[in-house]
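In: here's a sequence, model it:
(chains A, B, C and D)
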There are 2 protein chains.
Amino acid sequence: MAAPKSKPLASRARNATASRSAILDHAIAEFAKQGIAGARTAAIADAAGVNKALLYYYFKNKESLYSAALREVFSGLVEDALPMLQSELSPGEKVLRFARVHFEYLVNHPDYPRLIHQELSRACITGEPSSDFRAISASHFVPLQRAGLKAVQDGIASGEFRKIEGASVLTNIVGMNVFYFVSAPIARIVRGIDPFSPVCIRDHVATALDFIGASLFNDRKHGIALARKIAAAPALPRKQPSSSKNSKVCSNKNVRFRS
Amino acid sequence: MAAPKSKPLASRARNATASRSAILDHAIAEFAKQGIAGARTAAIADAAGVNKALLYYYFKNKESLYSAALREVFSGLVEDALPMLQSELSPGEKVLRFARVHFEYLVNHPDYPRLIHQELSRACITGEPSSDFRAISASHFVPLQRAGLKAVQDGIASGEFRKIEGASVLTNIVGMNVFYFVSAPIARIVRGIDPFSPVCIRDHVATALDFIGASLFNDRKHGIALARKIAAAPALPRKQPSSSKNSKVCSNKNVRFRS
DNA sequence: CTAAACTAACTAACCAGTTAGTTAATTATG
DNA sequence: CATAATTAACTAACTGGTTAGTTAGTTTAG
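Out: Below is the predicted model:
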């Protein structure tokens, strides 16, 4: 099926904010699918409903658009997860809630794991990640890793968790969640399910948290019960897509938009 | 660092098998990094040490080379894992051994998860995987999934395993293994480790199998002990890189090589 | 001598990015 | 308040370089 396209300029008023957002949203999707080398600026412009030259009005070049795309998708997870990891909740609740928050972030941002993967593949080309990715890692992944690792270590110290290698818990949780979505095409073929359907999503939350709770806690029954409780909590409200943020037409005079 | 290159033709005798293998090996690496759209046929030829036209002597076009690359990397996992899953081992041993065999396959084929990722990203473009990928899924993933699911269900039926959702166990195992490697650039930045180093690899085998064993078995102590035993078993011999298979120079007359 | 394996040079299409505008919205002026 | 001037947002057409793939051979092996 064709990717959703934005309303072309011909049928809507000029709006710099809306145009820039439309370009960025479609850039995220195109870069997530094709990587920066394979992505086509014409495809981004077409999907955004604007002329290709407008990409260069808002962004210096393809590379700058890509950097803006990375920053856009990575900014949300820390906001969603870090406050909870730094709260007064028990280590067990923190780790299980993180698993769920992270999973729901992926539900709401399906391009996120793909874009990360494209950037990680690109890291293999140069032997190291781009300076953009390094900066993003420093500002996003490092705080998450630190807070998450602290929660695991606190759990081990208090006896709530078994004595295990803390950092790998986080990697395993993230790996299970990311792979669930990334492997959606395989799941459709091999298992005949749609991993993005609400029922499958609810089931994954339940089974993933159960798997983690059963593995991690000294008191396995407590871990399983806590996992079930956190899995059953009401879903977080779905984040609004960024392109509908600025639905009210407004003047953009003297506002700096170019990246 | 520059990707390793094959010995150019000028300094070695003509050998269709060696040339074809060199092209395919470097194609795998290039497609894994850049995807089919971003990969450059000139880059593949340069790395293989041949002229670009030779790609078209052995493969119809870029798309055919890509299909051959997919078939090449996917053929090995089934060979490695399926006989063990269909053996008379206990369900617990089967599942834990699968986790290890799969992990070691990824150690020996670092391009495998990246190539799958590129193909899965590509599936998002068209809304469904390519017919090549469908065929590969049918011949590789479906048998693995069936055998693995049967092992899990046997374990549940016999009481060795807890009552859990079988298919997600396999997805979780594969997800933890794949993500471990795919996230290597992040791990280097955030954790200051090299996930490909022998000590980290040994540690991941141990912690991943422990995580699985602690979660899955009714008798947790037994599960953890079995996980430790299987993790500590000697490593499987490393598979020889395909480009060195045909080190003996031989005639290729009348052998059909073109894909 | 023949055929397979291989290459240098080439072609047409594609691509990121630019140019030279046009158009819509805003601001200044009488 | 109406109009002119200005500016920001936008586009059609273009450019020079890149790309997949081809052609017309040459070289090597049997």
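In: chain center to whichever strand or helix holds A:Ala167, what's the gap?
Out: A:Ala167 is part of helix A:166-182, with elements assigned from DSSP states H and E. The chain centroid and the centroid of helix A:166-182 are separated by 13 Å under Cα atoms, centre = their mean, to the nearest Å.
In: same check, this time on stretch A:33-40
Out: Centroid separation for stretch A:33-40 versus its chain: 19 Å, with Cα atoms, centre = their mean.
In: what sits up against that stretch?
Out: With contacts defined as Cβ atoms under 8 Å, 6 or more residues apart in numbering or on different chains, stretch A:33-40 is touched by A:27, A:30-31, A:62-63, A:66, A:114, A:118, A:121-122, B:34-39, B:118, B:121-122, B:124-125. (Glycine included, C-beta is placed from N, CA and C.)
In: just checking, what packs against the helix or strand following the helix holding A:Ala167?
Out: Following helix A:166-182 in sequence order, the next helix or strand is helix A:184-190 (DSSP H and E). Contacts defined by 3 or more Cβ pairs under 8 Å, 6 or more residues apart in numbering or on different chains; DSSP states H and E place helix A:184-190 against helix B:111-126, helix B:142-158.
In: CSV please, covering these and showing distance to A:Leu54, mean neighbour count and mean pLDDT.
Out: Formatted as CSV, the helices and strands packed on helix A:184-190 follow (distance: least, Cβ to Cβ, whole Å; neighbours: other Cβ atoms under 10 Å in any protein chain shown; pLDDT from 0 to 100):
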stretch, distance to A:Leu54, mean neighbour count, mean pLDDT
helix B:111-126, 23, 22, 83
helix B:142-158, 46, 18, 94
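In: the contacts of stretch A:33-40 also near DNA strand D: which ones?
Out: B:Ala39 (Cβ under 7 Å from any atom of the strand).
In: kindly report the domain assignment for chain A.
Out: A:1-59, A:66-235 (automatic domain parsing).
In: does the strand or helix carrying A:Val73 come close to chain B?
Out: In the assignment (DSSP H and E), A:Val73 maps to helix A:62-85. No: if you take Cβ under 8 Å from any Cβ of the partner chain as the test, helix A:62-85 misses chain B, and the best it gets is 11.3 Å.
In: what sits closest to whatever residue of the stretch 51-200 of chain A ends up closest to DNA strand C if chain neighbours are left out?
Out: Among all residues of the stretch 51-200 of chain A, A:Lys62 sits closest to DNA strand C, at 3.1 Å; criterion: Cβ to the nearest atom of the strand. Among residues not flanking A:Lys62 along the chain, A:Thr41 sits closest, at 5.9 Å (Cβ to Cβ, 6 or more residues apart in numbering or on different chains).
In: and the angle for the helix holding A:Ala167 with helix B:111-126?
Out: Here helix A:166-182 points in a direction 40 degrees away from that of helix B:111-126 (axes from the mean of the first three to the mean of the last three Cα atoms, to 10 degrees).
In: relative to helix A:142-158, how tilted is helix A:166-182?
Out: Going by the same axes, to 10 degrees, helix A:166-182 makes 120 degrees with helix A:142-158.
In: and the stretch 1-150 of chain A, which residues reach DNA strand C?
Out: Contact residues, the stretch 1-150 of chain A versus DNA strand C (Cβ under 7 Å from any atom of the strand): A:13-14, A:39-42, A:52-53, A:56, A:61-63.
In: closest one of these to A:Leu226?
Out: A:Leu226 lies nearest to A:Ala39 out of these, by Cβ to Cβ, at 42.9 Å.
In: still on that earlier bit, by neighbour count, which of the residues of the stretch 1-150 of chain A next to DNA strand C wins?
Out: Taking other Cβ atoms under 10 Å in any protein chain shown as the neighbour criterion, A:Ala39 ranks highest of these with 24 neighbours.
In: C-alpha coordinates for the helix or strand harbouring A:Lys33, PDB please?
Out: In this structure, A:Lys33 is located in helix A:16-38 according to DSSP H and E. The C-alpha coordinates for helix A:16-38 follow below in PDB (Å, rounded to 0.1, in the frame of the first residue of the first chain):
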ATOM      1  CA  ALA A  16       5.900  27.000   7.200                       C
ATOM      2  CA  THR A  17       5.400  25.000  10.400                       C
ATOM      3  CA  ALA A  18       3.000  22.600   8.700                       C
ATOM      4  CA  SER A  19       5.300  22.300   5.700                       C
ATOM      5  CA  ARG A  20       8.400  21.700   7.700                       C
ATOM      6  CA  SER A  21       6.600  19.100   9.900                       C
ATOM      7  CA  ALA A  22       5.200  17.300   6.900                       C
ATOM      8  CA  ILE A  23       8.700  17.100   5.300                       C
ATOM      9  CA  LEU A  24      10.200  15.900   8.600                       C
ATOM     10  CA  ASP A  25       7.600  13.200   9.200                       C
ATOM     11  CA  HIS A  26       7.900  11.800   5.700                       C
ATOM     12  CA  ALA A  27      11.700  12.000   5.900                       C
ATOM     13  CA  ILE A  28      11.600   9.900   9.000                       C
ATOM     14  CA  ALA A  29       9.500   7.300   7.200                       C
ATOM     15  CA  GLU A  30      11.700   7.300   4.100                       C
ATOM     16  CA  PHE A  31      15.000   7.200   6.000                       C
ATOM     17  CA  ALA A  32      13.600   4.400   8.200                       C
ATOM     18  CA  LYS A  33      12.900   2.300   5.200                       C
ATOM     19  CA  GLN A  34      15.800   3.000   2.900                       C
ATOM     20  CA  GLY A  35      18.600   4.500   5.000                       C
ATOM     21  CA  ILE A  36      20.100   7.800   4.000                       C
ATOM     22  CA  ALA A  37      21.900   6.500   0.900                       C
ATOM     23  CA  GLY A  38      18.800   4.700  -0.400                       C
END
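In: average pLDDT for it, rounded please.
Out: Mean pLDDT, helix A:16-38: 93.
In: run the chain-centre distance for that helix.
Out: Relative to its chain's centre, helix A:16-38 lies at 15 Å (Cα atoms, centre = their mean).
In: now the angle from it to helix A:111-126?
Out: Orientation check (the same axes, to 10 degrees): helix A:16-38 against helix A:111-126 gives 40 degrees.
In: angle of helix A:16-38 against helix A:62-85?
Out: Counting by the same axes, to 10 degrees, helix A:16-38 lies at 100 degrees to helix A:62-85.
In: list of residues touching whatever helix or strand comes next after helix A:16-38?
Out: Using DSSP H and E, the next helix or strand after helix A:16-38 towards the C-terminus is helix A:41-48. Helix A:41-48 is contacted from outside by A:3-6, A:19, A:22-23, A:25-27, A:29-30, A:51-52, A:54-55, A:62, A:65, using Cβ under 8 Å, 6+ apart.
In: list the buried ones in helix A:41-48?
Out: By neighbour count with 16 or more other Cβ atoms under 10 Å in any protein chain shown, helix A:41-48 contains the buried residues A:41, A:43-48.
In: format those as CSV; extra columns: pLDDT.
Out: What follows is the buried residues of helix A:41-48, written out as CSV (pLDDT from 0 to 100):
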residue, pLDDT
A:Thr41, 96
A:Ala43, 95
A:Ile44, 95
A:Ala45, 95
A:Asp46, 94
A:Ala47, 94
A:Ala48, 94
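In: out of those, which one sits closest to chain B?
Out: A:Ala43 (9.8 Å; Cβ to the nearest Cβ).
In: now the weakest link among the domains of chain A, please, by mean pLDDT.
Out: Mean pLDDT values for the domains of chain A show the minimum at domain A:1-59, a mean of 86.
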